[in-house]
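A.B. asks: Sequence and predicted structure, then a few things I'm wondering about:
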Amino acid sequence: MIKQYAIIFMVTYLGEMISKSINFPFPGPVIGMLILFILLERKLIDVDFVEKGANNILLNLAIFFIPPGVGLISALDLLNGNVLKIVVTMILTTIITMVTTGLTVQYLINRRKK
Amino acid sequence: MIELLNSPLFGICLTIAAYIIGLEIYKKFKLPILNPILIALIIIIPILLYFKIPLETYKKGGDLISFFLGPATVVLAVPLYKKIDLLKQHFIPILGGVVVGVLTSILSCTLIGKVLGMDLSLIKSSLSKSLTTPIAIELSKQVEGIIPITIVMVMITGITGAVLAPFICKIFKIENKIAKGIAIGTASHAVGTSRAIEMGETEGAMSGLAIGVAGVLTVFILPLLYIVLF
């Protein structure tokens, strides 16, 4: 299991270093994700080599967001009077995004069938 | 009193305890609105405020937990890799749909936010709200969003997607299972996907795939669009 985490942390670190050395705002962890994806897809590493460690982390993924979420304490004044606006915007944009995405996929599939 | 709390273990214990309570409540009622993160925040924030515990004291432990966000984002490659066959089978419809979805999400957040007179920092925080939380946090940093606000927005988005998905698909005649899954995953990430899984196997798999594809594509699209919009 320690080897699994070694790979995961090394790829994360590599992503971080690449992110800092390029002149475009790509987040390090996402670069790391792309690196790991390419390594798996090109069969440079076997999925068994990281899967257990990955699943362990993903199983309780949500807990990692709690501390940054608690930071809301320092942004409470910004929420003041904006809660309704935020909720309305989130609901509307979610509906709009779901509809345009769904209809686009459906259109592209149907067009292909013809 | 504060000295007793001045150990990373305080933040760690509080976070884990609140998370377990959140998880148990969610498991018991299975309602999307009882999101475990939301419950944990509702437990922790009042405790810190009531006992006047500084955020910095909590963060000593909290930062150790959130450190794992980086590796947690990296390992999202594994579920994405496992669905690569699905992606290859329906490459054009999936990619086309997700690109349209990502653009729609960013543009509609900007537009509706501006129409409602939302603060610019709030609009910036909302740009990545359709994505899975670890990627949304990273991208929110890049566009100068306020990360805790982004997290709350991601949660509201997920809950909305999970609650409304079946009705939205029905009203707008999205009948194809692939289209349903991609739409749900693109618009409302993992929380929406939990509902897509209930709707069917294809819907669930497609929704799970869309989370990863939307995350990766937004990393390329958002910075470019951001320059144009702001």
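C.D. replies: That came in fine, so what should we check first?
A.B. asks: Could you check how many residues crowd around residue 47?
C.D. replies: Let's take chain A. Residues lying near A:Val47 (other Cβ atoms under 10 Å in any protein chain shown) number 14. For every residue, glycine as well, the C-beta is placed using N, CA and C.
A.B. asks: Not quite, go with chain B.
C.D. replies: Close neighbours of B:Ile47, defined as other Cβ under 10 Å, add up to 14.
A.B. asks: Could you do A:Thr104 as well?
C.D. replies: Residues lying near A:Thr104 (other Cβ under 10 Å) number 23.
A.B. asks: what does B:Ala17 give?
C.D. replies: Residue neighbour count, defined by other Cβ under 10 Å, stands at 13 for B:Ala17.
A.B. asks: Do any residues in stretch A:71-85 lie close to chain B?
C.D. replies: Yes. Under the criterion of Cβ under 8 Å from any Cβ of the partner chain, chain B is reached by stretch A:71-85 at A:Gly71, A:Leu72, A:Ile73, A:Ser74, A:Ala75, A:Leu78, A:Leu79, A:Asn82, A:Lys85.
A.B. asks: mind listing what B:Leu48 touches?
C.D. replies: With contacts defined as Cβ atoms under 8 Å, 6 or more residues apart in numbering or on different chains, B:Leu48 is in contact with A:Val70, A:Ile73, B:Pro54, B:Leu55, B:Tyr58.
A.B. asks: just how off-centre is the lengthiest helix in chain B within its chain?
C.D. replies: Among the elements of chain B assigned as helix by DSSP state H, the one spanning the most residues is helix B:201-229. Centroid separation for helix B:201-229 versus its chain: 12 Å, with Cα atoms, centre = their mean, to the nearest Å.
A.B. asks: quick check: mean pLDDT across it?
C.D. replies: Helix B:201-229 shows a mean pLDDT of 94.
A.B. asks: Which secondary structure elements does it sit against?
C.D. replies: Counting contacts by 3 or more Cβ pairs under 8 Å, 6 or more residues apart in numbering or on different chains; DSSP states H and E, the secondary-structure elements packed against helix B:201-229 are helix A:28-41, helix B:77-82, helix B:84-89, helix B:91-115, helix B:133-142, helix B:177-199.
A.B. asks: separation between the closest residue to A:Glu16 other than its chain neighbours and A:Ile8?
C.D. replies: The spatial neighbour of A:Glu16 that comes closest, neighbours along the chain excluded (Cβ to Cβ, 6 or more residues apart in numbering or on different chains), is A:Gly28 at 3.7 Å. Using Cβ to Cβ, to the nearest Å, A:Gly28 is found at 14 Å from A:Ile8.
A.B. asks: So the residue nearest to A:Glu16 sits against A:Thr12, correct?
C.D. replies: Yes. Applying Cβ atoms under 8 Å, one finds A:Gly28 in contact with A:Thr12, separated by 7.4 Å.
A.B. asks: Helix, strand, or coil at B:Glu174?
C.D. replies: Just to correct that, residue B:174 is Ile rather than Glu. Secondary structure state of B:Ile174, per DSSP: H, G, I helix; E, B strand; the rest coil, is coil.
A.B. asks: tell me the contacts of it?
C.D. replies: Counting by Cβ under 8 Å, 6+ apart, B:Ile174 has contacts A:Val99, A:Gly102, A:Leu103, A:Gln106, B:Ile168, B:Lys180, B:Ala183.
A.B. asks: Filter those residues down to the buried ones and express that as a PyMOL selection.
C.D. replies: When burial is assessed using 16 or more other Cβ atoms under 10 Å in any protein chain shown, the buried subset of these is captured in PyMOL by this command:
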select buried, (chain A and resi 99+102+103+106) or (chain B and resi 168+180+183)
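A.B. asks: Out of the contacts of B:Ile174, list just those in helices.
C.D. replies: Within these, membership in helices is found for A:Val99, A:Gly102, A:Leu103, A:Gln106, B:Ile168, B:Lys180, B:Ala183, as judged by DSSP H.
A.B. asks: Mind putting these into JSON lines with distance to B:Gln89?
C.D. replies: Output for the ones in helices among the contacts of B:Ile174, formatted as JSON lines (distance: Cβ to Cβ, whole Å):
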{"residue": "A:Val99", "distance to B:Gln89": "24"}
{"residue": "A:Gly102", "distance to B:Gln89": "18"}
{"residue": "A:Leu103", "distance to B:Gln89": "20"}
{"residue": "A:Gln106", "distance to B:Gln89": "16"}
{"residue": "B:Ile168", "distance to B:Gln89": "25"}
{"residue": "B:Lys180", "distance to B:Gln89": "16"}
{"residue": "B:Ala183", "distance to B:Gln89": "18"}
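A.B. asks: quick one: which two of those are the most distant?
C.D. replies: In terms of Cβ to Cβ, these reach their longest pairwise distance at A:Gln106 and B:Ile168, which sit 12.9 Å apart.
A.B. asks: before we move on, back to that, neighbour count winner among A:Gly28 and A:Thr12?
C.D. replies: Counted by other Cβ under 10 Å, A:Gly28 and A:Thr12 do not tie: A:Thr12 has more neighbours, with 25 against 20.
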